[in-house]
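Enquirer: Sequence first, then the predicted structure:
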Amino acid sequence: MVTLSCADLSTREVNNALRALPDGEKVILTDPRGRHNLAVGLTNRLDVTIEGNAGYFIGGLSDGPDITIEGFVGWSVGENLMSGTVRVRGSASQSAGSSAHGGMIVVEGDASLRAGISLKGGTVAIAGDVGPMCAFMAQAGTVLIGGNAGDGLGDSLYEAVIYVAGEVGALGADAQIEELTEDDVATVQRVISIAGFDHITAGDVTRVASARTLYHFDTANSSAY
Amino acid sequence: MCGIVGLLLRDPALRPQLGAMITPMLDALGSRGPDSTGIGMYSEGGAGRVRLSVHRCGPEVAWEEVAVELAARLGDGAEAEVAGRGDSALITWTGELDVAVSAVQAMAPRVRLIGFGHVVEVVKDVGGAAEVCRKYDITSRHGYLAIGHTRMATESAVTAAHSHPFVTAPDLCLVHNGSFSNHASVRRRLEAQGVSFDSDNDSEVAARLIASHLAQGDDVEQALRWMAKDLDGFYTVVVTTPDYLAILRDPFSCKPAVVAETEEYVAIGSEYRALAGLPGIETARVFEPAPQEIYSWSR
């Protein structure tokens, strides 16, 4: 077990110290006090716990670690995550899990606007509600919303799929509600079990996916953009 | 970028610490705005005297000479006190506010008016938060309400006049994080109505627009709604009056804001970092204002 204090170390020192640790190491980061860019770009399989509220881009660009934030986070938690997990015990601000290629971002509270924006294959699981424009232009991957979704859900979606346990606000352009398949239920069940959400029933969610009418620009559709 | 802070002290026991509380809040957001820093601080006890905050163009302007010239301009025997600190000074005077404002405005550009009213003192200068707070000894200031800004200039020049907060009506301060895209056309419209500007800064347009609506009888909340209707762009704005603190974000929440509320205070910061050192933050109600919703607190 390694303990690193954000009060004593610069962000760069914290991240360099984390990168130097061997796979399997457990690390505690203390005194984050809203610091940005903690535990970013890690390619080792660490178990990192951030003890407190953190700032922007926590765990971003990482490929392998399991990161837990014992508090809330600012913008873009787990941005461009490649693999591993980033778990937020509290709520997340805007753009949670943006552009994540792989791995899973779990938010145990709510997430603000644009969660899962431009998702590229990762999984974003939010226990509570999400704000407007969730999964905007998401290309691949899965978004699970345990609560209600704000307006503009799935605007300009590509092949990412959104599952909503609560109520769906107004759908975004080219997003549509589709019938839930057995594969969907299995996918949601898998996400629920990894995320540890016990308030969602896999077969009782709404599937939102792309109607695929805006994939290629067509002047006939210009009013829909 | 840019960083904004607001702090309303509900617990009178905290008032001696207003400056000591707002300084680390500004410092935490220093990296969001290294170009200039400004603070508006509200305190009582002025015994009805008007307060004018001024900034001089350089050290060649001696505050003693400013005091002599001002006394001559005011000319009724009631002596104006000029308390200079660095390049800023607080002028207090027993008399009519608009008379004092006109007298100080006539001394431009050697001395520029940056704040006026009865309870607010404004300090703003080029430089980062740590430097400006040290230069003007902000940590020692008392009061019940503060508003502050760390500026990363994108729309106009880096000078004290272009810095926030903008005071456009007595004791009214505005700070803005973001940019307005149609500020030039709104400025032209206001100028046609007789409004004059201190700078070509886009945020000053928002502050003038709000002041013009207040002059027409609207309250701050109504004025903020007009601002949201007329000005297009990205913004988090915070507005303070002697008994009021309000915040409004643009429809897409492009610019950040976090609020912490306790029995003792209401604190606003662009980021949680600004609030992390406040007493009792662990148990405060911390939330992000929703887009286009006006949140306000009264004394």
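Expert: Nice, I can see it. Quantities reported herein were computed from a predicted structural model and do not represent experimental measurements.

Enquirer: can we go C-alpha only for contacts and neighbour counts from here?
Expert: OK.

Enquirer: Of all the residues in chain A, which one is nearest chain B?
Expert: Going by CA to the nearest CA, chain B is nearest to A:G34 of chain A, at 4.6 Å.

Enquirer: Now that residue: closest residue in space that isn't a chain neighbour?
Expert: A:A54 (3.9 Å; CA to CA, 6 or more residues apart in numbering or on different chains).

Enquirer: Which residues of chain A lie near chain B?
Expert: A:R33, A:G34, A:R35, A:G55, A:G74, A:S93, A:L113 (CA under 8 Å from any CA of the partner chain).

Enquirer: Buried residues, the longest helix seen in chain A. List them.
Expert: Among the segments of chain A that qualify as a helix by DSSP state H, the longest is helix A:182-195. Residues of helix A:182-195 classed as buried under the neighbour-count rule (16 or more other CA atoms under 10 Å in any protein chain shown) are A:D184, A:V185, A:V188, A:Q189, A:V191, A:I192, A:A195.

Enquirer: Quick one: residues contacting the last one.
Expert: Put plainly, it is A:A195. Taking CA atoms under 8 Å, 6 or more residues apart in numbering or on different chains as the criterion, A:A195 is in contact with A:V106, A:A125.

Enquirer: From A:L171, how far out is it?
Expert: 25 Å (CA to CA, to the nearest Å).

Enquirer: In terms of pLDDT, where does the residue of chain A closest to chain B sit?
Expert: A:G34 is assigned a predicted lDDT (pLDDT) of 96.

Enquirer: separation between the residue of the stretch 151-299 of chain B found nearest chain A and A:V124?
Expert: Proximity of the stretch 151-299 of chain B to chain A (CA to the nearest CA) peaks at B:R273, 4.6 Å away. Distance of B:R273 to A:V124, given as CA to CA: 25 Å.

Enquirer: more crowded one of these two?
Expert: Neighbour tally, B:R273 and A:V124, criterion other CA atoms under 10 Å in any protein chain shown: the higher count belongs to A:V124, 30 against 24.

Enquirer: wait, that one sits on A:V143?
Expert: Yes - with contact defined as CA atoms under 8 Å, A:V124 reaches A:V143; the gap is 4.8 Å.

Enquirer: where do the contact lists of the two overlap?
Expert: Any residue near both A:V124 and A:V143 by CA under 8 Å, 6+ apart counts here, and that gives A:G116.

Enquirer: Please, where are all the helices along the chain?
Expert: In the absence of a named chain, this looks at chain A. Under DSSP H, chain A gives helices at A:11-19, A:182-195.

Enquirer: That was the other one, I meant chain B.
Expert: B:18-28, B:63-74, B:97-105, B:129-135, B:183-192, B:202-215, B:220-230.

Enquirer: quick one: B:C133 and B:T139 touch, right?
Expert: Yes - between B:C133 and B:T139 a contact is recorded at 7.2 Å, counting by CA under 8 Å.

Enquirer: Tell me, how many residues neighbour A:R212?
Expert: Neighbours of A:R212 (other CA under 10 Å): 14.

Enquirer: Name the nearest residue to it, ignoring sequence neighbours.
Expert: Nearest to A:R212 is A:D174, by CA to CA, 6+ apart, at 6.7 Å.

Enquirer: just A:T142 next, same as before
Expert: A:T142 sits nearest to A:T123 (CA to CA, 6+ apart), 4.7 Å away.

Enquirer: Dig out what the one you found forms beta bridges with.
Expert: For A:T123, the beta-bridge partners under DSSP bridges are A:M104, A:T142.

Enquirer: And for it, the neighbour number?
Expert: Applying other CA under 10 Å, we find 28 residues neighbouring A:T123.

Enquirer: ok, B:S179 - contacts?
Expert: By CA under 8 Å, 6+ apart, the contact set of B:S179 is B:T154, B:E155, B:D202, B:S203, B:G233, B:F234, B:Y235.

Enquirer: By neighbour count, sort out the buried ones in these.
Expert: B:D202, B:S203, B:G233, B:F234, B:Y235.
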